[in-house]
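In: Quick one, fold the following:
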Amino acid sequence: MTGGAARLPRGSEEKRATFLDLFLDLVFVFALFRLSHGLRDHLNWSGAFQTLVLLLAVWRVWFATAEKADRFDPRRPAIQALAIGCMFGSLVLAAAVPEAFGEHGLVFAGAYVAVQVGRSLFLVIVTPGDERQRPEMRLLFWYGVSAVPWLAGALIHGWPRGVLWVLAVAVDYGAPRLGWPTPRLGRGSAAEFAISGEFLAERYRQFFIIALGELILVTGLGLSSNGFEADHGSAVVVAFATTVLLWRIYIHRAGEVFGGAVAAALDPLRVTVAAVYAHAVMVAGIVAISVGDELVIAHPFGHTPPAWVAVILGGPALFLAGRAIFEYTVFGRVSRTRVAGVLVLAAISPATIFLPPVLVAAAAALVLAGIAVSDAARARGRPPEPPSPPG
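Out: Next up, the predicted model:
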């Protein structure tokens, strides 16, 4: 009975995000919030490294769970139960984030492995004789491989944990690039992992909005915690404007037509994988921006240490770098304004340590505003550019 429920495929006209998808996303608001707080509390090179490793794990869990709703009918009780189970595992994982490199390492790694291995194992069991069982067997094998360094790293402390977890992340992100080669199955084909472009584009947009929601949460909490004086209020205005500009730059063209790029690509799997990496970079930028917003709102006219400059300017630079990768994935080219924005942010960073935090954040917002205005001017009076992913 469970197998029959899982076998029912979704019709092409039904491949839109459902309430179950949005319900799943709620956990990741909490996950991003915990990641940004972890980085804020350990604002140094070690903290940045640890946050990056944890973010990549969180992003991998979200994508691997979200794409199942395209391949399996989320109206079926078995698939709903699977999604809710993954949601609970992700909640445990997110709760363990702040001390993942400390006393909660085994909780974090155990939750990660349980979600990734458990999801694929469940789908292998309930899809006997189904063509969708084959890719799940590949995923099960590779999540089993990465489970070894995840769990081994959780059992030791210090820098060896970081080394083993980097290896685990490399396995999780490298296997798709290699085609998920699996004993007795060989390399996977693009057809095995085909995902509806429109569904994927919609889910990316939704997750990006979720990430921006974390910025709104931080901004609102900062305003309520620090009062409504003019200095804190000016920082809130800058933070809110930055959030709006991030939304505007993301959605401009590439964010709107990504689904068409997947459909037009000679190798849709390659485009899908590239978009996974691009969004990971953009979300990393938003986590850094979140930390910067919190610091700027709390201390708008104080001293600006170099570490603060790194998140206030580095966050937008990371976002623009990820957005450039995404643009290349969709159109096969990169707008000069994206590259120029990264270069300008890097160029002004040494001088900004002499400015108060709110002015550093305002400088970053001005760079983003220039890019948004350039996008709008370039698009005015011209027909929409069709997607043209690189061959």
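In: what packs against the helix or strand where residue 29 lies?
Out: Using DSSP states H and E, residue 29 maps to helix 19-41. Helices and strands touching helix 19-41, by 3 or more CB pairs under 8 Å, 6 or more residues apart in numbering; DSSP states H and E, are helix 45-66, helix 77-95, helix 197-226, helix 268-298. For glycine as for every other residue, the C-beta is placed from the backbone atoms N, C-alpha and C.
In: does the nearest residue to residue 376 once chain neighbours are set aside sit in a helix, a strand or a coil?
Out: Using CB to CB, 6 or more residues apart in numbering and skipping the chain neighbours, the partner closest in space to residue 376 is residue 252 (7.9 Å). Following DSSP: H, G, I helix; E, B strand; the rest coil, we place residue 252 in the helix state.
In: so what's residue 252 up against?
Out: 372, 375, 376, 379 (CB atoms under 8 Å, 6 or more residues apart in numbering).
In: same question, residue 193
Out: 135, 176, 180, 269, 272.
In: Please read off the pLDDT at the second one from the model.
Out: This means residue 176. Here, the pLDDT recorded for residue 176 equals 88.
In: Any idea how many residues pack against the residue nearest to it when sequence neighbours are not counted?
Out: Sequence neighbours aside, residue 273 is the residue nearest to residue 176 in space, at 4.9 Å (criterion: CB to CB, 6+ apart). Using other CB atoms under 10 Å, residue 273 has 16 other residues around it.
In: Next one: residue 273 from residue 113, what distance?
Out: From residue 273 over to residue 113 the distance is 22 Å, taken as CB to CB, to the nearest Å.
In: next one: residue 291
Out: 28 Å.
In: out of those two, which sits in the busier spot?
Out: Ranked by neighbour count (other CB under 10 Å), residue 291 and residue 113 place residue 291 first, with 27 against 21.
In: Contact partners for that one?
Out: Contacts of residue 291 (CB under 8 Å, 6+ apart): 36, 39, 40, 43, 311, 315.
In: lowest confidence element among the helices and strands of this protein?
Out: helix 2-7 (a mean of 44; mean pLDDT, DSSP states H and E).
In: Which neighbouring residues are in contact with the nearest residue to residue 101 once chain neighbours are set aside, exactly?
Out: Using CB to CB, 6+ apart and skipping residues adjacent in sequence, the residue nearest residue 101 is residue 50, 4.9 Å away. Residues in contact with residue 50, defined by CB under 8 Å, 6+ apart, are 38, 42, 100, 101, 162.
In: Serialize those to CSV and add fields for distance to residue 130, pLDDT and neighbour count.
Out: CSV is the format used below for those (distance: CB to CB, whole Å; pLDDT from 0 to 100; neighbours: other CB atoms under 10 Å):
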residue, distance to residue 130, pLDDT, neighbour count
38, 40, 93, 22
42, 45, 93, 16
100, 36, 96, 29
101, 40, 95, 26
162, 39, 95, 15
